[in-house]
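Novice: need a structure here:
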Amino acid sequence: MKRVFLFVLDSCGCGAMPDAEKFGDVGVNTLKSCTTSDKLRIPNMIALGLGNIEGIDYLAKVEQTGACARMQEASMGKDTTIGHWEIAGLVSENPLPTYPEGFPEELLKPFREATGRGVLANAPWSGTEVLDKYGEEHVKTGDLIVYTSADSVFQIAAHEDVVPPEQLYEYCRIARKLLVGKHGVGRVIARPFIGNAKDGFSRTSNRHDFSLEPPAQTMLDAIKASGKDMLAVGKIYDIFAGQGTTEHVYTKGNADGLNKTMAYAERDFNGLCFINLVDFDMLYGHRRNIDGYAQALTEFDAWLKEFMEKLGEDDIVMITADHGCDPAYTATTDHTREYVPLLIAGKKVKPVNLGTRKSFADIAATITELLGVEYHTPGKSFAKEII
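Specialist: Residues are numbered from 1 along each chain as shown. Here you go, the predicted structure:
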């Protein structure tokens, strides 16, 4: 094959994995929750076989036009970093560190000294609630709002008028250098915001992620090393700490990401275009907005029809997710440990059901085989089953 487009609908899980309860998740199912909304209309993904996937008994079963599968996460996590790393071929046997009691003084002391600023919050928080609680104090004092979640993240929020984004990014780089070894969190995240106490505070689109470097070669590295194109759209570049890409573009949300992906589809390249669509997770999953999540799926599905018309004979599209974030689950506002769907489309793709795959890494094994790239991963390729 010449071109592969791999879409990650960030957090679009499709049902609790057998060990979900160990991760604090009971009865979760992101996709099923979206079916309770009258905003959900996804005929194109259903036609590809979404409702035929094992365990998805709440969508129509059809004579599918694409290949489909349910993917099980082999890694011990439910976060963005580990999920994407596994999609790209790496299985993480140990979870990344989390800080349910906040970050220890051994981290915060050198951080304060290096930045010259104090620290507020230092606990797991919802990203919007932490601004309501500490936004005004931050504006008055200049102290940084440092917080985490159930995921392996060190997040720094700052008002753009108090700490300009570029300065905030530098503070994140300082934190990233401190957060190594046993404190090697998956991501340090810059969370710029605007507003005031009277009218409310809100995040801007200037978020930036500073990820832990992958511990071994990924699919991206192998594709780049082979001389092929490895195009990254959205936060893919950040998730892999800039490794393995030949070109990248940032996005300001799903619509921007889809526009930039369409532009790549109209270009002649040879390799992989790897796309993350973050709004599902950031705007709707974590904020427990069922209608918003359903509407975002509807918009992607409508766009997909036009996109498919751009594909050539030797092009393939894969659509999957990296974890769940059930918008109907009220026990937490965090990610949920779920299976994820996989849809595969293309003029040469056979309409087959691949059952339940044991690892997201099967995607990396398959893509590299389809592109004729040598890559060793625990994943098992299904390339010969779909072509």
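Novice: And the strands in the stretch 1-150 of the chain, which stretches?
Specialist: Under the criterion DSSP state E, counting those that start in this stretch, the stretch 1-150 of the chain contains strands at 3-9, 67-71, 119-124, 144-148.
Novice: For residue 304, pull up the helix or strand it's in.
Specialist: Here residue 304, judged by DSSP states H and E, is contained in helix 290-308.
Novice: Out of the strands of the stretch 1-150 of the chain, which is closest to residue 368?
Specialist: With C-beta to C-beta, the closest approach to residue 368 among these belongs to strand 3-9: 9.6 Å. Yep, even glycine has a C-beta here, placed from its N, CA and C like the rest.
Novice: Any buried residues in the helix holding residue 304, and which?
Specialist: 290, 292-301, 303-304, 307-308 (16 or more other C-beta atoms under 10 Å).
Novice: ok, now stretch 236-254?
Specialist: Residues of stretch 236-254 classed as buried: 236-241, 243-246, 248-251, 254 (neighbour count, 16+ other C-beta under 10 Å).
Novice: now it: mean pLDDT?
Specialist: Average pLDDT, stretch 236-254: 95.
Novice: Repeat that for stretch 278-295.
Specialist: 96.
Novice: Out of the buried residues of stretch 236-254, name the ones that lie in helices.
Specialist: Taking DSSP state H, the ones among these that sit in helices are 236, 237, 238, 239, 254.
Novice: My guess is the first one contacts residue 277. True?
Specialist: No: the pair formed by residue 236 and residue 277 falls short of the contact definition of C-beta atoms under 8 Å, at 10.6 Å.
Novice: Just the strands from the stretch 201-350 of the chain, written as ranges.
Specialist: Using DSSP E, counting those that start in this stretch, strands in the stretch 201-350 of the chain cover 208-211, 229-233, 247-249, 271-277, 315-320, 340-345.
Novice: circling back to that earlier point, can I get the helix holding residue 304 in CSV, CA atoms only?
Specialist: C-alpha atoms of helix 290-308 as CSV (Å, rounded to 0.1, in the frame of the first residue of the first chain):
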residue,chain,number,x,y,z
ILE,A,290,-22.9,13.2,26.2
ASP,A,291,-24.6,15.4,23.6
GLY,A,292,-21.3,17.1,22.7
TYR,A,293,-19.5,13.8,22.3
ALA,A,294,-22.3,12.4,20.2
GLN,A,295,-22.4,15.6,18.0
ALA,A,296,-18.6,15.4,17.5
LEU,A,297,-18.9,11.8,16.3
THR,A,298,-21.7,12.8,13.9
GLU,A,299,-19.5,15.6,12.5
PHE,A,300,-16.6,13.2,12.0
ASP,A,301,-18.8,10.6,10.3
ALA,A,302,-20.2,13.2,7.9
TRP,A,303,-16.7,14.4,7.0
LEU,A,304,-15.5,10.8,6.6
LYS,A,305,-17.8,10.3,3.5
GLU,A,306,-16.1,13.2,1.6
PHE,A,307,-12.7,12.1,2.8
MET,A,308,-13.1,8.5,1.5
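Novice: for the helix-or-strand element of the chain with minimal mean pLDDT, packing partners?
Specialist: Scoring the helices and strands of the chain by mean pLDDT, DSSP states H and E places strand 208-211 at the bottom, with a mean of 91. In terms of contacts (3 or more C-beta pairs under 8 Å, 6 or more residues apart in numbering; DSSP states H and E), strand 208-211 is packed against helix 165-178, strand 187-196, helix 236-239.
Novice: ok so, going back, so which of the strands of the stretch 1-150 of the chain is nearest residue 347?
Specialist: Between residue 347 and those, the shortest gap by C-beta to C-beta is with strand 3-9, which sits at 11.9 Å.
Novice: Parallel or antiparallel, which strands does that closest one pair with?
Specialist: In the sheet, strand 3-9 lines up against strand 271-277 (parallel), strand 315-320 (parallel) (DSSP bridges).
Novice: Tell me what angle the shortest one forms with helix 290-308.
Specialist: In other words, strand 315-320. Relative orientation of strand 315-320 versus helix 290-308 (axes from the mean of the first three to the mean of the last three C-alpha atoms, to 10 degrees): 170 degrees.
Novice: for strand 315-320, what is the average pLDDT?
Specialist: 98.
Novice: contacts for that strand?
Specialist: Strand 315-320 has contacts (C-beta atoms under 8 Å, 6 or more residues apart in numbering) with 1-9, 45, 48, 71, 87, 304, 307-308, 311, 340-349, 360, 363, 367, 370.
Novice: about what we covered before: just put the strands of the stretch 201-350 of the chain in CSV and tack on distance to residue 77.
Specialist: Formatted as CSV, the strands of the stretch 201-350 of the chain follow (distance: least, C-beta to C-beta, whole Å):
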stretch, distance to residue 77
strand 208-211, 14
strand 229-233, 21
strand 247-249, 24
strand 271-277, 17
strand 315-320, 16
strand 340-345, 13
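Novice: List the contacts of residue 212.
Specialist: Counting by C-beta under 8 Å, 6+ apart, residue 212 touches 81, 96, 179, 184, 185, 186, 187, 241.
Novice: Show the backbone phi and psi for the last one.
Specialist: Here the main-chain torsion angles of residue 241 (degrees, to the nearest 10) amount to phi 50, psi 40.
Novice: now the one 4 residues further on
Specialist: The main-chain torsion angles of residue 245 are listed as degrees, to the nearest 10 and equal phi -100, psi 150.
Novice: do you know how far it is from residue 237?
Specialist: Separation of residue 245 from residue 237 (C-beta to C-beta, to the nearest Å): 6 Å.
Novice: do residue 98 as well
Specialist: 24 Å.
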